[in-house]
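> A structural model of the following input is requested.
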Amino acid sequence: MKNFKILIVGLISCIALIGGISLYTSHHASLKISEVKTINTKSSKRKKITNKKFYKGNIREIPGDTLFVDYPKSFNGLISKGKATILGTVTNLQDASNDSLPNRPMTMATIAIDQILAGKLDKQETKVKVLFMGGNIANNKLLRDVSNKDYLTPQQREAAQSNKIITVKYSYMPLPQIGKKYALIISPEKKGVNGIPEVFYMPIYSGKGVFIRNSKGQYLREVEPQPVGGGDGTKSSNTSENDDSIMNQGMNNLIRKSNTAN
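Just a heads-up that it's a prediction; the model follows:
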């Protein structure tokens, strides 16, 4: 990401383990990954990937608070931070892993582009790979920093060290869903960055660059839950419900304008 930084600060999460609850603190140092485990696409008999098959049972919600640097105040300022603003549909999901941050689940979504609303992409790009934070991960990777702590009971330690795959969702980023339509403001990452052997994209400002189509045909950001802590009931991020309202309206106005022009 070239025009701005994203800082993830003080994420305190409560993870329900088999046989108890464990509280741990985690810090996100990066939103990039170093390795991608791709789904085999060579077999003509490849099973169709569905959300139910991809994500694992009950989703573990992990709250987080985001601090954005140089976050714009206007919608035009927001879309200027990305290379392109697109409408598209998720057609495939891939598990992603990070050798340097092994307890950070990531998901790579293949997006079939329906329309480019702003900016430019290469003419041959009819699909793009977009990286989302959150997804599938083994318990022992997610809880690696606390799995041997003395305060854990034997049952809690056994659960924390298990290799059972679970699905994690961070409060500041939606999990991509196959078949779902999105408006995305995306920024590119070059081939080879962090060991990924292909060009991919990331939503700008984490979930603030992701707008999900609802049943009424509106494209809206996911409402971010109130962060835990602080004591005064206020958000510690520098965005607000008013910001969501402004950006949601801006995105839907852009879509209507684009449809009218076409």
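> Let me know whether my guess that Leu117 is in a helix holds.
No. With DSSP: H, G, I helix; E, B strand; the rest coil as the criterion, Leu117 is strand rather than part of a helix.
> leaving aside the residues next to it on the chain, what's closest to it?
Thr85 (4.4 Å; CB to CB, 6 or more residues apart in numbering). C-beta coordinates here come from the backbone N, C-alpha and C atoms, glycine included.
> Dihedrals phi and psi, the one you found?
phi -120, psi 120 (degrees, to the nearest 10).
> count of neighbours near it?
Around Thr85 there are 24 other residues, counting by other CB atoms under 10 Å.
> what pLDDT, on average, does stretch 111-124 get?
When pLDDT is averaged over stretch 111-124, the result is 93.
> Show me which positions of it end up buried.
Residues Ile111, Ile113, Leu117, Leu121 are the ones in stretch 111-124 that count as buried (16 or more other CB atoms under 10 Å).
> so which two of these are the farthest from each other?
Ile111 and Leu117 (13.3 Å; CB to CB).
> any shared contact partners between these two?
Shared contacts of Ile111 and Leu117, defined by CB atoms under 8 Å, 6 or more residues apart in numbering, comprise Ile86.
> just to revisit the earlier point, so which of the buried residues of stretch 111-124 are in helices?
Among the buried residues of stretch 111-124, no residue falls in helices (DSSP state H).
> how about low-confidence regions in the stretch 101-250 of the chain?
Filtered on pLDDT under 70, the stretch 101-250 of the chain yields the residue ranges 101, 192-197, 226-239.
> Now do the helices in the stretch 101-250 of the chain.
139-142, 154-160, 241-261 (DSSP state H, counting those that start in this stretch).
> among those, which is the most enclosed?
helix 139-142 (a mean of 20; mean count of other CB atoms under 10 Å).
> Quick check: the gap between Asp145 and Asn103.
7 Å (CB to CB, to the nearest Å).
> These two: which is more packed in?
Taking other CB under 10 Å, Asp145 and Asn103 do not tie; Asn103 has more neighbours (17 against 13).
> what's near enough to touch that one?
So Asn103 contacts Ser26, Ile137, Lys141, Leu142, Leu143, Arg144, Asp145 (CB under 8 Å, 6+ apart).
> To what extent is the fifth one buried, counted in neighbours?
Meaning Leu143. Neighbour tally, Leu143, other CB under 10 Å: 26.
> Can you tell me the closest non-neighbouring residue to it?
Per CB to CB, 6+ apart, closest to Leu143 is Ala160, 4.2 Å.
> Could I have the CA atoms of stretch 245-262 written out in PDB?
Output of stretch 245-262 as PDB, limited to C-alpha atoms (Å, rounded to 0.1, in the frame of the first residue of the first chain):
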ATOM      1  CA  SER A 245     -23.100   7.100   6.300                       C
ATOM      2  CA  ILE A 246     -21.100   9.500   4.100                       C
ATOM      3  CA  MET A 247     -19.100   6.800   2.400                       C
ATOM      4  CA  ASN A 248     -22.100   4.500   1.900                       C
ATOM      5  CA  GLN A 249     -24.000   7.300   0.300                       C
ATOM      6  CA  GLY A 250     -21.000   8.200  -1.900                       C
ATOM      7  CA  MET A 251     -20.600   4.600  -3.100                       C
ATOM      8  CA  ASN A 252     -24.300   4.200  -4.000                       C
ATOM      9  CA  ASN A 253     -24.300   7.600  -5.800                       C
ATOM     10  CA  LEU A 254     -21.200   6.500  -7.800                       C
ATOM     11  CA  ILE A 255     -22.900   3.200  -8.800                       C
ATOM     12  CA  ARG A 256     -26.100   5.000  -9.800                       C
ATOM     13  CA  LYS A 257     -24.100   7.500 -11.800                       C
ATOM     14  CA  SER A 258     -22.200   4.800 -13.500                       C
ATOM     15  CA  ASN A 259     -25.300   2.800 -14.400                       C
ATOM     16  CA  THR A 260     -27.000   5.900 -15.800                       C
ATOM     17  CA  ALA A 261     -23.900   6.700 -18.000                       C
ATOM     18  CA  ASN A 262     -24.000   3.100 -19.400                       C
END
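> Since that was my last question, I'll sign off now.
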